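Trainee: everything below, folded, please.
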Amino acid sequence: MKPFKKRRRGGITATFESGEAHLLASLSGQVVELLRDRNGAEESSIDPLAAQLGMGGPSLPPEDPVLRRLLPDAYRDDEEDSGEFRRFTERSLTSAKVHHAETLIGSLVDGGLTFGVAPGETPVEVELDPDQVQSWLRALTDVRLSLAVRLGIDEEADLLLVAQAQDEAVAAMGEIYEWLGYVQETLLAALN
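Mentor: Okay, here's the model as predicted:
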């Protein structure tokens, strides 16, 4: 990856190797699928007015630990208030997260990423406007949070344990988690 940088004429650009772009798109797509699965079955009865306004979401927290991290309770000490808050806000939060991930994927496609073919030698160059930058930052955060939950990373010391894991897949996912942090860091640095 060539880090993000500001262009004189506006916009922020970065160049990814094809495999890196596929990885980013795949991980973002997995977050989208997870969030869309959450919006499927209703977990609470819908208030008719809330349904008309598009606010009839579930009141129970998700069972999946990744979704619990991406869609946390508003009030940790009050289940009832958390349920009510969740019922009126979760769908819009989920929709926003899906939008950010799809924006990331879309900008990779605009930069030359093609699906259905093995990653090749052609780099993928993205150019982001201010709204896309915000979507990328949010989508990268969601992907990193998802990986952190799956890997059991709660603090810096946990990252060291993941890096030293005997399971090669766990260690590789730890490296991806760190690389995503680097991508996010270069994007933040380009904003300054």
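Trainee: ok, now which ones touch Thr122?
Mentor: Shown in contact with Thr122 (C-beta atoms under 8 Å, 6 or more residues apart in numbering): Ser18, Gly112. Every C-beta, even on glycine, is put in place using the N, C-alpha and C of the backbone.
Trainee: correct me if wrong, but it is in a helix.
Mentor: No: read with DSSP: H, G, I helix; E, B strand; the rest coil, Thr122 is coil and lies in no helix.
Trainee: and the residue lying closest to Glu102 once chain neighbours are set aside, how far from Ser92?
Mentor: Nearest residue to Glu102 in three dimensions, chain neighbours excluded: Val32, at 6.5 Å (C-beta to C-beta, 6 or more residues apart in numbering). Using C-beta to C-beta, to the nearest Å, Val32 is found at 16 Å from Ser92.
Trainee: give me the more crowded residue out of these two.
Mentor: Legend: neighbour count by other C-beta atoms under 10 Å for Val32 and Ser92, higher for Val32 (21 against 12).
Trainee: residue contacts, the nearest residue to Leu187 once chain neighbours are set aside?
Mentor: Excluding the flanking residues, the one nearest Leu187 by C-beta to C-beta, 6+ apart is Phe4, at 4.6 Å. With contact set as C-beta under 8 Å, 6+ apart, Phe4 has these partners: Ile12, Thr13, Ala14, Leu128, Val183, Thr186, Leu187, Ala189, Ala190.
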